[in-house]
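# my questions concern the predicted model and sequence given below.
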Amino acid sequence: MIIAKVVGSIVSTTKAEKLRGKKLLIVQPLDMKSIEDDGKPLVAIDTVGSGEGEVVLVVSGSSARQTEITNGVPVDAAIIGVVDQIEIEGSLTFNKGGS
């Protein structure tokens, strides 16, 4: 599981039938301590109604196909949660509310 920031979306009118009606978002992996970019952006199916600018939890590989929305869908990454805060070794490194 990684944390990432939603930075964009993908629109595809021609795609596999099982992807129809699925929301595809571009996510930028983040370092959990610095909340800075950490790696290349990737495309993930949104299973929780997240939006641009939110910090999210992303799973990949076979784990991405374990939700009700992605079961049997040809997907390699799925957004499975929106992050409210991250605390590492007693220090708050991210807080959705900004404080």
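Received it, and whenever you're ready, just let me know what you need. Numbering: from 1, shown residues only.
# got the contact list for Ile26?
Val6, Val7, Gly8, Ser9, Ile10, Pro41, Leu42, Val43 (Cβ atoms under 8 Å, 6 or more residues apart in numbering). No exception for glycine: its C-beta is placed from N, CA and C like everyone else's.
# if we go to 10 Å?
By Cβ atoms under 10 Å, 6 or more residues apart in numbering, the contact list for Ile26 reads Ala4, Lys5, Val6, Val7, Gly8, Ser9, Ile10, Pro41, Leu42, Val43, Ala44, Glu52.
# where does the fourth one land on pLDDT?
In the predicted model, Val7 carries a pLDDT score of 98.
# Three-state assignment for Lys18, please.
Per DSSP: H, G, I helix; E, B strand; the rest coil, the local secondary structure of Lys18 is helix.
# can you pull the contacts of it?
Applying Cβ under 10 Å, 6+ apart, the residues contacting Lys18 are Thr70, Asn71, Gly72, Val73, Pro74, Val75.
# next, give me the two most distant ones among the residues you listed.
Distances among the contacts of Lys18 were taken as Cβ to Cβ; the most separated pair is Asn71 and Pro74, at 11.5 Å.
# what residues are shared contacts of the two?
Counting by Cβ under 10 Å, 6+ apart, the shared contacts of Asn71 and Pro74 are Lys18, Arg65.
# and the two? Which one has more around it.
Pro74 (12 against 9; other Cβ atoms under 10 Å).
# find the residue closest to that one in space, skipping its chain neighbours.
Leaving aside its sequence neighbours, Pro74 sits nearest to Ala16 (Cβ to Cβ, 6 or more residues apart in numbering; 5.6 Å).
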